[in-house]
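Q: With the sequence up front, the predicted model follows.
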Amino acid sequence: GASTLVSSATQRCATSSYRPINNAATKAISANNLLLQNSSRFFSSSEDLDAVKRRNIGISAHIDSGKTTLTERILFYTGRIKSIHDVRGKDGVGAKMDSMDLEREKGITIQSAATFCRWNDSHINIIDTPGHVDFTIEVERALRVLDGGILVLCGVSGVQSQSLTVDRQMKRYNVPRLAFINKLDRQGSNPNKVINDLRNQLKLNASAVQIPIGLEDSHSGVVDLIRNKSYIFEGERGENIVEGEVPDDMKDMVEEKRMELIEKLADVDDEIGELFLMEEEPTEDQLKEAIRRQTIECKFVPVFMGSAFKNKGVQALLDGVIDYLPEPTEKANFALDRSQDEKEVQVSCKKDDPLLALAFKLEETQFGQLTYMRIYQGMLKKGNYIHNVNDGKKIKLARIVRMHSNDMEEIDEAHAGDVVAMFGIDCRSMDTFSDGSMNLAMSSMFVPEPVMSLAVKPAETKMQNNFAKALTKFTKEDPTLRVKVDSETKETVLSGMGELHLEVYIERMKREYSVECISGQPNVNYKETIAARAEFDWLHKKQSGGSGQYAKVTGYMEPMTEEEIKELGKPNEFKNRCIGTNIPPEYYPSCEKGMNDAMHEGSLVGCEVEGIRVVLQDGASHAVDSSDMAFRICMANAIRETMKTAQPSVLEPVMTVEVEIPSEFQGAVTASLSKRMGMIQSSDMNEDGSGLKLEAHVPLANMFGYSTELRSLTQGKGEFTMEYFNHTPVPRDVQNDLMEKYKMERLEK
């Protein structure tokens, strides 16, 4: 049944191409098809959507766990692609989902590619997210609009640093997930260790719903613990599934793992818990329903097994997506009601209700902006008008398309729960759209602060125009990339999530806009703070003929704890405790602005200041000479000068660095991390003692060029990943050096 449905889905995709009316239309259409050569990638779904089940799922994991390969297999088995190409395959085609030249060359996925496919009677929208920590905003953005996820884990390495990040993000957005243990055909694969990692490191209530038949070279299929059947994947591409009884030598193991599954479910599910206490065996349907209930509640994670590269276990995983992940209507989504002080309101997800959609990704193409939108309720129809809730603009929908990596298919309407792309809509990432009847906004997304900066300029002045265009496009589509022009040096400074993140954008400028860039030394984003309370009493007086400037402020500043900063949701706080009208009330906002000015550039090394509470207690004003400007300047100067007496310190970003190496290089690698001021947090030897996983906290300033050093120390066998941990005070000598350098720079200007 599945194969006939697949072939009919394929035919339907083939027949829904464009029908040109005249020559001009043909030209316009071929231009639009051209667009797909470097368009980004997201997804959607189709036809009479009320009659089919739908799933919006993301596939996310650590680097090189095989996400893109798994997506490629899913597309093949659902009939969306006719042949399989691997990420670094010998045929040089590259995987379908890696559509930028740069990705095929480096063999990594940079943007989230998206596609939709059909499995049995269900539509699945799939998003393939990057595993590289420098691109976490892509993962965040994908999880924000998805209803479920597949966490892919390597059968050999288990839970790695990026798996922890993805897990944190999934928990933040309450995304129900399945786990898929991949690469069971590789030497040293051990699914039981991976499940223990899921329980101990990620603290997930996870249990296997399958166990593999054979590991490493002898891996041929899986045993389904719920149905007590074995599935062997045969044929050149694993497309022939042979169902059989459980092999005799595995019966005890199957019984043991099935009991483990029932126990883990009984911990969280009342129905299975009762059966377990009464020592009754749950039926197949009872087990499936319990797994579905608890997976959607995010209280249980079913674990699937296989090897995507060797075409094993993928079809069973697709069945699991349909069986256990939620419909768009089953996952609660909330909007913020702007008229009631951003009170949370649950979204209905019905197609007859007023429209509510979120633009979550933008792609600048040579034919204008392509906007990816998730529809939370209501429907989009070609030719209708929609309103941008954020800026009140009214827009007519000219074209709605659905994406398959970077190919498009045009559709006339889309319903609640869909993800589609549109042309001709000018908006920013994370804008909300409605049909004008509601003042609801889908909540905004958490965007991490950048940790590294780089000064860039075009190699030739004639490229300046394209350089500006590229930066505008990149910052609009990626909120973690910031661009600012240094007010004193007039240099353009790019800030991002790491060396690779910034390198990729410089490379994209070269490829997409033909702009050769000259980049300076990367700079670390330091911050400043204080450690003690200090009083201020500051008078600002300036007389230069005519009305002068006069303002006086008194009060104190004190450090804030991390808990207070987290609770407040911003790095600094301004409190007004003035009594009486020594400072006229209309100047209070100016005092706060003055504080913010001082926070942008600290007094030690000119970096941002955080963790300070400024309390204004009193002051004085002049009937003629006081003004907004006078109080703003007065407050800024008061804070900058007082900070010098409040035990100020410079904070630097510290990264969690995870290094995986063969154990014979342990001494050299540990020494190199210590030399870079790293604090080793843990070191785990794998079971057979051949490999080692080191975790250390290392200041980012000491991590430049580490990849080259690690390769030379470990004969190219070691690899490392790092992600932001926190900001901590720098040693006194480093602080003095930074202050000296800042002083010299100021003198030079």
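A: Noted; the coordinates are in hand.
Q: And the average pLDDT for stretch 665-674 is what?
A: Across stretch 665-674, pLDDT averages out at 91.
Q: burial count for Lys566?
A: 9 (other C-beta atoms under 10 Å). Placement of C-beta: from N, CA and C, glycine included.
Q: and it, what element?
A: helix 562-568 (DSSP states H and E).
Q: And Lys469, by the same measure?
A: helix 464-477.
Q: What are the buried residues along the helix holding Lys566?
A: For helix 562-568, the neighbour count (16 or more other C-beta atoms under 10 Å) marks Ile565 as buried.
Q: What pairs with the biggest strand by length in the chain, parallel or antiparallel?
A: Using DSSP state E, we find that the single longest strand of the chain is strand 648-662. Applying DSSP bridges to the sheet, strand 648-662 is found paired with strand 527-530 (antiparallel), strand 691-699 (antiparallel), strand 719-729 (antiparallel).
Q: next one: that strand to chain centre, how far?
A: Centroid separation for strand 648-662 versus its chain: 20 Å, with C-alpha atoms, centre = their mean, to the nearest Å.
Q: Now it: buried residues?
A: 648-661.
Q: immediately after that strand, which helix or strand?
A: Sequence-wise, the next helix or strand downstream of strand 648-662 (DSSP H and E) is helix 666-675.
Q: For the strand or helix carrying Met635, name the packing helices and strands.
A: Using DSSP H and E, the element containing Met635 is helix 628-643. Applying 3 or more C-beta pairs under 8 Å, 6 or more residues apart in numbering; DSSP states H and E, we find helix 628-643 packed against strand 534-542, strand 549-559, helix 588-600, strand 612-620.
Q: Confirm that Tyr376 sits in a helix.
A: No - counting by DSSP: H, G, I helix; E, B strand; the rest coil, one finds Tyr376 to be strand, located in no helix.
Q: wouldn't it be in contact with Ala335 here?
A: Yes - assessed by C-beta atoms under 8 Å, Tyr376 is found in contact with Ala335 at 7.3 Å.
Q: Could you name every residue contacting both of the two?
A: 347, 356, 442 (C-beta atoms under 8 Å, 6 or more residues apart in numbering).
Q: now, which of those lie within strands?
A: 356, 442.
Q: Redo the shared contacts of Tyr376 and Ala335 as JSON lines? Include distance to Cys298 and pLDDT.
A: Shown next, in JSON lines, are the shared contacts of Tyr376 and Ala335 (distance: C-beta to C-beta, whole Å; pLDDT from 0 to 100):
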{"residue": "Val347", "distance to Cys298": "18", "pLDDT": "81"}
{"residue": "Leu356", "distance to Cys298": "23", "pLDDT": "87"}
{"residue": "Met442", "distance to Cys298": "20", "pLDDT": "74"}
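Q: Which of the shared contacts of Tyr376 and Ala335 sits closest to His62?
A: Met442 (29.0 Å; C-beta to C-beta).
Q: That closest one: what's it in contact with?
A: So Met442 contacts 333, 335-336, 356, 358, 376, 430, 432 (C-beta under 8 Å, 6+ apart).
Q: By pLDDT, rank these and give me the bottom one.
A: For these, the pLDDT minimum is Met430, 75.
Q: pretty sure that residue contacts Leu358?
A: Yes - using C-beta under 8 Å, Met430 makes contact with Leu358 at a distance of 6.9 Å.
Q: one step back: tilt between the longest strand of the chain and strand 549-559?
A: When axes from the mean of the first three to the mean of the last three C-alpha atoms, to 10 degrees is applied, the directions of strand 648-662 and strand 549-559 differ by 40 degrees.
Q: Many thanks, have a good one.
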